[in-house]
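Participant: A structural model of the following input is requested.
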Amino acid sequence: MKYKQLGRTGLYVSEICLGTMTFGGNENAGFWKAIGALRQEEVDGIVGTALSAGVNFIDTADVYSFGESERLLGQALKNLGTKRSDVVIASKVYGEMGPG
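Facilitator: Next up is the predicted model:
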């Protein structure tokens, strides 16, 4: 895996970033169900494979399945015994989560 320095931070992230948009869609998630509906076992497998390949950069957002993607990602890291300090998680907070 190749790594690049993130700005001037001294932090190095993998050139490949794992996206989590497909984590957690369900019948109540509307649009997100069409994007993907991966469950915990599948998420654990994907995250584990990415980490094993050297990926340390993971992208998520609060709007992905209305927070379910973030929850599944956190649980996967816990299930895999990954220290939070070993991964860089980029999350976006711009999308609408509901009224107001």
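Participant: Ser24 touches Glu68, doesn't it?
Facilitator: Not quite, residue 24 is Gly, not Ser. Yes: here Gly24 reaches Glu68: they are 3.3 Å apart, a contact under CB atoms under 8 Å. No exception for glycine: its C-beta is placed from N, CA and C like everyone else's.
Participant: can you list residues touching both of the two?
Facilitator: Trp32 (CB atoms under 8 Å, 6 or more residues apart in numbering).
Participant: Which of the two has more residues huddled nearby?
Facilitator: More crowded of Gly24 and Glu68, by other CB atoms under 10 Å: Gly24, with 26 against 19.
Participant: Least confident secondary structure element in the chain?
Facilitator: One helix or strand of the chain scores below all others by mean pLDDT, DSSP states H and E: helix 31-35, with a mean of 75.
Participant: Can you point out the buried residues in the very next helix or strand once past that one?
Facilitator: Remark: after helix 31-35, the chain's next helix or strand is helix 40-52, criterion DSSP states H and E. Neighbour counts over helix 40-52 (16 or more other CB atoms under 10 Å) mark Val43, Asp44, Ile46, Val47, Ala50, Leu51 as buried.
Participant: quick one: the strands in this structure?
Facilitator: Here the chain has its strands, by DSSP state E, at 3-5, 12-14, 17-19, 57-61, 88-92.
Participant: Given the first one, what are its sheet partners and their directions?
Facilitator: What that stands for is strand 3-5. Sheet pairing for strand 3-5, assigned by DSSP bridges, gives strand 12-14 (antiparallel).
Participant: roughly how far is the partner strand from the heart of the chain?
Facilitator: 15 Å (CA atoms, centre = their mean, to the nearest Å).
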